[in-house]
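Enquirer: Starting from these lines, generate the structure:
(chains A, B and C)
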Amino acid sequence: MTSHALPLPNSTEPRLAGDLAIWFFIMAELLAFAVFFAAYAFTRAAHVEEFNLAQQALNRNAGAINTLLLLTGSAFVVRAVQGALAGEARRAAPWMLAAIASGVTFLVVKMVEYSAAFDHGVSLSSSTFDMFYLSLTFFHFMHVILGLVILSVLWLGLRAGRYGPHNMNGLESGAAYWHMVDLLWLILFPLVYVIH
Amino acid sequence: MSGIFTKSMARNIFYGGTVFFFLLFLALTFDSHKEFPKRDNSQNLTPQVIAGKKIWETRNCIGCHTLLGEGAYFAPELGNVYPRRGPEFIKAWIQSQPTGTPGRRQMPQFHLSDEELDNIVAFLKYTSEINTANWPPNIEG
Amino acid sequence: MQYKSQAVAKPYFIAAIGLFIGQIVFGLIMGLQYVIGDFLFPEIPFNVARMVHTNLLIVWLLFGFMGAAYYMVPEESETELYSPKLAIALFWIFLTAGALTVLGYLFVPYATLAQMTGNDLLATMGREFLEQPLPTKLGIVVVALAFLFNITMTVLKGRKTAISTVLLLGLWGLAIFFLFSFYNPHNLVKDKYYWWWVVHLWVEGVWELILGALLAFVLIKVTGVDREVIEKWLYVIITLTLITGIIGTGHHYYWIGAPEYWQWWGSIFSALEPIPFFAMTVFAFNMVNRRRREHPNKAAVLWALGTGVMAFLGAGVWGFLHTLAPVNYYTHGSQITAAHGHMAFYGAYVMVVLCIISYAMPILRGRAANSNKAQVCEMWSFWLMTVAMVFITLFLTAAGILQVWLQRVSDTPMSFMATQDQVALFYWMREWAGVMFFVGLIVYVISFFIKGETKAATQ
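Expert: Numbers count the residues shown, from 1 in each chain, chains lettered A, B, ... in the order given. This next block holds a predicted model:
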């Protein structure tokens, strides 16, 4: 998406979009999730029946809607970044707002799903599957919140016209983080909700 | 491949990441508090047990023993000493210290009254009934 | 020395080394009591020796941190210390309070000490590492606050650098989390849960910020690498530290009555805890390799590299060895814990304090670096202490593995004391390694008194 970003004169060398620091953070986060996913997979392999049964109770529709919401949100963020790159930061700001709106909707859908689950007595201590389901989704849920805080800062920056072809670092870094949040859900959703 | 690496971004991530994970820790702590009553045997936290805990602390028992695996590793685990030895043995043992056997590890004499001995036993009984996820692996602690 | 007020660091460093010697003496006593059980009984029972050993460690490291802060902050802020007089006054207050506390441990029965010092008003004593009487605990808070006031005011009136910010955050965190030592609920599970908020969030949290700041400061000085480069790596490393270390607290919640999901959360995040330590090692070596000047103080460079390696081995590798819940189920509260504790504290905190002392002390004494002869002596002490600590750790690990096997894994488990008899050989070897450590420490002290050709301080 941003491989053609920041057209520096005399430079055709590929460029890392976003700050190296955010990539360290993203790698650390991905690693933490990867270990968590692996722990889930191994535990599931040892308790297939139990996990299959518990998975039936999950609200797959809510999960599917949320997948769409995050994918759409990511697309909006891309439009915002491209707008800023074209020197149209202010006009790109609404795209960012749209991304924020889809993220907030994700949270609302998730909370509806949670409140139904809590009513059924699901908690971190109710079963091994529930522990994984809640831990993984809640850990991700908090990432969505953090991502939204970052997107809000970027939105304000776009409105203030702070980003442009020669100042993309903050915008691209925040966008990269949001894409990570999206990516994690794309693994989490099939892993916990779908795969039997 | 070229890239940008700025101090201000590294700093912002440090603050953001720290706040994020601390909030996550608080959330898990909040949930732990909701679960504690199911596991911590607090329904048996009688005045006698409370008095026993104070004796445990003011004799610095943790300076030699472990309790639920925490403390010093010089003397036996006492989280499960109640089921291992029973109340009478524990009291007799405390009263008969130090053994004075040459070359053996020695436990001080604390001159506890009968009431204090009952208190410390009550505390050790309460401790042994905490749900510790089956730790220790066997009765030897 | 660039600023006159940096001189207040000197008594702090001297006191730190003095208390360090005391700590090791009591360590040797305890090591001997492990094999000759009635050694010095009833004069110094094991529990008293252990209290003195661990409390002296904490106090001398605090002296080291404070000395380091007094030395670093004026230079970082490019201004004199807000109040050198306050710093000196606090030094004497803290030293007196520390000495009185240790004398109290040694000469007053602990129960009497508790009664005399108001433990009935607010019971906080008798918990591992937090054995200090109430007045000492309050004293620590007062000294810490006054110290923080002094340092913060200095930073506020001068230049604000990443290093001084991280150092301040670490020191403030240290003071704030210590407040949990006043919370001692009757409920043992809650007691233990929040006890770790002092202990774990210190050593695997805020203290690591201090460690990072000290290391970064020395690296800037001895390598001449751009501050900008060192500071941004500092931020990356401490970010990794806290995002793994905070939830990593969960590795202490497996068997104390906390919910069982901590076995997952604690295992997963603490399994990642070696990463920041590894990053720190790579960082230290990288910066030294990219050095733009040859600093005459070779010993300080050695300590800086040493702390990187040993912190990674002690805290990272030895921590990882027994941090996963299924492993910890067998190793919890065994000699393996002791092995990890020894090398982690030495590698991460002892060495970094000795590193800043090694760098700052010659300058405080009016020269850029000690004479070659003195430095060679100091480097000998480095190797003696470090190799001795490696052996202490290996012997305790061997003792721990055997202990776990005989007492916990075996189908016919032995009792605790019977097991101890079986592993006595390793305790003897640990004690001899301890003697070697003590020799190293004596050589270290001697290095301060060796004269020879020195260059005058240029900075």
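Enquirer: Chain B contacts on chain A?
Expert: Taking C-beta under 8 Å from any C-beta of the partner chain as the criterion, the neighbours of chain B within chain A are A:11, A:13-16, A:18-22, A:24-25, A:123-125, A:138-139, A:142, A:146, A:149-150, A:169-170, A:173. Backbone N, C-alpha and C define where each C-beta goes, glycine included.
Enquirer: Which ones among the residues you listed lie within strands?
Expert: Residues of the residues of chain A next to chain B located in strands (DSSP state E): A:Arg15, A:Leu16, A:Gly18, A:Asp19.
Enquirer: quick one: which of those is nearest chain C?
Expert: Distances from chain C to those, taken as C-beta to the nearest C-beta, are shortest for A:Asp19 (9.7 Å).
Enquirer: hang on, isn't that closest one packed against B:Asn12?
Expert: No - assessed by C-beta atoms under 8 Å, A:Asp19 is found out of contact with B:Asn12, at 9.3 Å.
Enquirer: So which residues of chain B form strands?
Expert: Assigned by DSSP E, chain B shows strands spanning B:2-4, B:66-67, B:70-71.
Enquirer: could I get these as TSV with mean pLDDT, mean neighbour count and distance to C:Gly245?
Expert: As requested, the strands of chain B are arranged in TSV below (pLDDT from 0 to 100; neighbours: other C-beta atoms under 10 Å in any protein chain shown; distance: least, C-beta to C-beta, whole Å):
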stretch	mean pLDDT	mean neighbour count	distance to C:Gly245
strand B:2-4	78	14	27
strand B:66-67	98	24	24
strand B:70-71	98	22	19
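Enquirer: out of the ones you listed, nearest to A:Val181?
Expert: A:Val181 sits nearest to strand B:2-4 of all these, at 21.3 Å, using C-beta to C-beta.
Enquirer: how far away is the residue nearest the centre of chain B from chain C?
Expert: Closest residue to the average C-alpha location of chain B: B:Leu67 at 4.2 Å, with C-alpha atoms, centre = their mean. Distance of B:Leu67 to chain C, computed by C-beta to the nearest C-beta, to the nearest Å: 8 Å.
Enquirer: follow-up on the earlier one: would you list the strands of chain B in JSON lines and tack on distance to A:Gln56?
Expert: Listed next are the strands of chain B as JSON lines, based on distance: least, C-beta to C-beta, whole Å:
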{"stretch": "strand B:2-4", "distance to A:Gln56": "46"}
{"stretch": "strand B:66-67", "distance to A:Gln56": "43"}
{"stretch": "strand B:70-71", "distance to A:Gln56": "42"}
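Enquirer: from the residues of chain A next to chain B, which are also near chain C?
Expert: Applying C-beta under 8 Å from any C-beta to the residues of chain A next to chain B, those adjacent to chain C are A:Ala21, A:Phe24, A:Phe25, A:Leu124, A:Ser125.
Enquirer: Out of those, who's the most crowded?
Expert: A:Ala21 (27 neighbours; other C-beta atoms under 10 Å in any protein chain shown).
Enquirer: what about chain B, any weak spots by pLDDT?
Expert: Along chain B, segments meeting pLDDT under 70 span B:1-2.
Enquirer: Any of the ones in strands among the residues of chain A next to chain B buried? List them.
Expert: Neighbour counting by 16 or more other C-beta atoms under 10 Å in any protein chain shown classes A:Arg15, A:Leu16, A:Gly18, A:Asp19 among these as buried.
Enquirer: tell me which of those is nearest to C:Gly64?
Expert: For C:Gly64, the closest of those turns out to be A:Asp19, at 34.5 Å, with distances computed as C-beta to C-beta.
Enquirer: Without its sequence neighbours, what residue ends up closest to the closest one?
Expert: B:Met9 (4.0 Å; C-beta to C-beta, 6 or more residues apart in numbering or on different chains).
Enquirer: Touching, the one you found and A:Ile22? I think so.
Expert: Yes - counting by C-beta under 8 Å, B:Met9 touches A:Ile22, with 6.4 Å between them.
Enquirer: what sits against the residue positioned nearest the centre of chain A?
Expert: In chain A, the residue lying closest to the centroid (C-alpha atoms, centre = their mean) is A:Val181, at 1.9 Å. By C-beta atoms under 8 Å, 6 or more residues apart in numbering or on different chains, the residues touching A:Val181 are A:Leu70, A:His140, A:His143, A:Val144, A:Gly147.
Enquirer: In TSV, list the residues you listed along with pLDDT, distance to C:Asp411 and neighbour count.
Expert: Shown next, in TSV, are the contacts of A:Val181 (pLDDT from 0 to 100; distance: C-beta to C-beta, whole Å; neighbours: other C-beta atoms under 10 Å in any protein chain shown):
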residue	pLDDT	distance to C:Asp411	neighbour count
A:Leu70	97	53	27
A:His140	98	44	23
A:His143	98	46	21
A:Val144	98	50	23
A:Gly147	98	52	24
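Enquirer: So which of these is the closest to A:Ala54?
Expert: Lowest distance from A:Ala54 to these (C-beta to C-beta) belongs to A:His140, with 18.3 Å.
Enquirer: what does the stretch 101-250 of chain C put close to chain A?
Expert: Contacts of the stretch 101-250 of chain C with chain A, taken as C-beta under 8 Å from any C-beta, map to C:Lys232, C:Tyr235, C:Val236, C:Thr239, C:Leu240, C:Ile243, C:Thr244.
Enquirer: Now C:Leu171. Nearest residue, chain neighbours left out?
Expert: C:Leu148 (6.0 Å).
Enquirer: Same check on C:Val443?
Expert: Distance criterion C-beta to C-beta, 6+ apart; nearest residue to C:Val443, sequence neighbours excluded, is C:Ser381 at 4.0 Å.
Enquirer: just C:Phe129 next, same as before
Expert: Counting by C-beta to C-beta, 6+ apart, the residue nearest C:Phe129 is C:Thr54, at 5.6 Å.
Enquirer: in what helix or strand does that neighbour lie?
Expert: Counting by DSSP states H and E, the element that carries C:Thr54 is helix C:46-77.
Enquirer: What are the buried residues along the next helix or strand after that helix?
Expert: Tracing the chain past helix C:46-77, the next element assigned as helix or strand by DSSP H and E is helix C:84-107. The neighbour-count check on helix C:84-107 (16+ other C-beta under 10 Å) flags C:84, C:86-87, C:90-91, C:94-95, C:97-98, C:101-102, C:104-105 as buried.
Enquirer: Now do helix C:84-107 and helix C:46-77, the angle between them.
Expert: 170 degrees (axes from the mean of the first three to the mean of the last three C-alpha atoms, to 10 degrees).
Enquirer: Show me what the helix or strand containing the residue nearest to C:Val443 is packed up against.
Expert: Assessed by DSSP H and E, C:Ser381 sits inside helix C:372-404. Applying 3 or more C-beta pairs under 8 Å, 6 or more residues apart in numbering or on different chains; DSSP states H and E, one finds that helix C:372-404 contacts helix C:298-311, helix C:325-331, helix C:335-344, helix C:416-422, helix C:424-447.
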